[in-house]
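Asker: any chance you could fold what I've pasted below:
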Amino acid sequence: MCADTPDYKDTLNLPQTDFPMRAGLPTREPAWLERWEKLGVYDRLREKDGRKPFVLHDGPPYANGHLHIGHALNKTIKDMIVRSHQMMGFDSRYVPGWDCLGLPIEWKIEEEYRQKGKDKDDVPVVDFRQECRRFAEKWVDIQRDEFKRLGITGNWADPYLTMDFHAERVIAEEFMKFLMNGTLYQGSKPVMWSPVEETALAEAEVEYHDKESFTIWVKFRVTDFALPDIALAGEEDTPEAREAVIQAEADAARDFSGAYVIIWTTTPWTIPSNKAVVFGEDVSYGLYEITGRPEECWARIGDRYILADKMAAQVMSRARLDETMYRRLRNVTPAQLAGMTLTHPL
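Answerer: Numbers count the residues shown, from 1 in each chain. Next comes the predicted model:
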């Protein structure tokens, strides 16, 4: 065996390249981005005339924090679409933008106020809006640099901002087009409302606590009440007694008018075809009136409900009503229940 170890390095035909052995992307990528910006790559691509335009209408991110993985995925996919169409011969433009309006920005400013011991109601509304505008401008600049760092190509020098007066003017002009061509109409729809912020809420801003349940509470309104037959026997059958009974039933008819019969079922899918409400002859029923209500309660003061006495407290509790918020008005007999006509809520 030879004592000297042979060196085979010079005998190998290895490729030669100027690429470094290590990528060093954290330090090299900013240099590439700076070079592309100096060259004006995006603007130079716009200089070629006669190309068919391709515009990607991008939903803007919200200007209230650093980018997250969702932003990165969204913008990277869109950047691939824009670049691929540019390579296919289109004049592929990408104009970035930011949503600068809404409650999240206001909440951030209010948090700063609370940390400083200030009350939003004590701040002039113009000053409050200016602080919100400055907050949005700060995060637009931060997010723009972060998007550039991701390598996203676009017209970063002239983005659109929803808080710009020009953007507001364009929105008003487009709204007028709907009015003038007859496609604008007035209607009604439920809108989430924040009594604290005194503004409407987007559905995405409302969080629900999910609860799976196959039970439902339904109220049927009393629309008619037939007086039961009067049966007085013997010495009780006097004109005065008959008059008292008639008056009592007339009072009952007045009390029951507009009241609701509450039912509970574990098969809510049967409600659309429901034809009757069943009551028990041996069950004690009462007429209850709402005298107070907490926030976020659908019951209204003055509403009257016919309930089984044993279940009244439980039903009221489920409606967020404590014992101080309702009162029992009178008994409800099985004969009176049998004489009621109810209307279906659907």
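Asker: how close does residue 176 sit to residue 268?
Answerer: To residue 268, residue 176 is 45 Å away according to C-beta to C-beta, to the nearest Å. Every C-beta, even on glycine, is put in place using the N, C-alpha and C of the backbone.
Asker: what do you get for residue 134?
Answerer: As judged by C-beta to C-beta, residue 134 and residue 268 stand 51 Å apart.
Asker: ok, now residue 200?
Answerer: In this view, residue 200 and residue 268 are 30 Å apart by C-beta to C-beta.
Asker: for residue 178, same thing?
Answerer: Using C-beta to C-beta, residue 178 is found at 39 Å from residue 268.
Asker: and if you look at residue 137?
Answerer: To residue 268, residue 137 is 51 Å away according to C-beta to C-beta.
Asker: and for residue 165?
Answerer: Here the criterion is C-beta to C-beta. By it, residue 165 lies 51 Å from residue 268.
Asker: who has more neighbours out of these two?
Answerer: Legend: neighbour count by other C-beta atoms under 10 Å for residue 165 and residue 268, higher for residue 268 (13 against 8).
Asker: leaving out the residues flanking it, which one is nearest to the more buried one?
Answerer: Of all residues not flanking residue 268 in the chain, residue 216 sits nearest, at 3.9 Å (C-beta to C-beta, 6 or more residues apart in numbering).
Asker: now that neighbour. Its backbone dihedrals?
Answerer: Phi and psi for residue 216, reported as degrees, to the nearest 10, are phi -150, psi 140.
Asker: show me what contacts it?
Answerer: Residue 216 makes contacts with 264, 265, 268, 271, as judged by C-beta atoms under 8 Å, 6 or more residues apart in numbering.
Asker: what's the closest of these to residue 144?
Answerer: Within those, the smallest distance to residue 144 is 50.8 Å, found for residue 268 (C-beta to C-beta).
Asker: before we move on, what SS does residue 18 have?
Answerer: Secondary structure of residue 18, reduced to three states by DSSP: H, G, I helix; E, B strand; the rest coil: coil.
Asker: and the pLDDT for it?
Answerer: At residue 18, the predicted lDDT confidence score is 85.
Asker: that one: neighbour count?
Answerer: 4.
Asker: can you pull the phi/psi pair for it?
Answerer: Its backbone dihedrals place residue 18 at phi -90, psi -10, with angles given as degrees, to the nearest 10.
Asker: spatially central residue for the protein, please.
Answerer: Per C-alpha atoms, centre = their mean, the C-alpha nearest to the average position across the chain is that of residue 203, at 1.7 Å.
Asker: my guess is it contacts residue 190. True?
Answerer: No: applying C-beta atoms under 8 Å as the test, residue 203 and residue 190 come out as separate, 10.3 Å apart.
Asker: show me where the stretch 151-300 of the chain has helices.
Answerer: 165-180, 239-256 (DSSP state H, counting those that start in this stretch).
Asker: name the helices or strands packed onto the longest one?
Answerer: With contacts taken as 3 or more C-beta pairs under 8 Å, 6 or more residues apart in numbering; DSSP states H and E, helix 239-256 sits against strand 216-225, strand 326-332.
Asker: right, and those - which one's nearest residue 74?
Answerer: strand 216-225 (39.7 Å).
Asker: adjacent strands (with direction) for that closest one?
Answerer: Note on strand 216-225: by DSSP bridges, its sheet partners are strand 260-265 (antiparallel), strand 340-343 (antiparallel).
Asker: could I get those as TSV with distance to residue 43?
Answerer: Shown next, in TSV, are these (distance: least, C-beta to C-beta, whole Å):
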stretch	distance to residue 43
strand 260-265	68
strand 340-343	69
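Asker: which parts of stretch 103-112 are buried?
Answerer: By neighbour count, with 16 or more other C-beta atoms under 10 Å as the criterion, the buried positions of stretch 103-112 are 105, 106, 108, 109, 110.
Asker: could you list every helix and strand in contact with the host helix or strand of the second one?
Answerer: Yep, that's residue 106 we're talking about. Residue 106 belongs to helix 103-115 when assigned by DSSP states H and E. Under the contact definition 3+ C-beta pairs under 8 Å, 6+ apart, helix 103-115 sits against helix 125-149.
Asker: report the buried residues of the helix it packs on.
Answerer: Counting neighbours by 16+ other C-beta under 10 Å, helix 125-149 gives 128, 131, 132, 135, 136, 139, 140, 143, 144, 147, 148 as buried.
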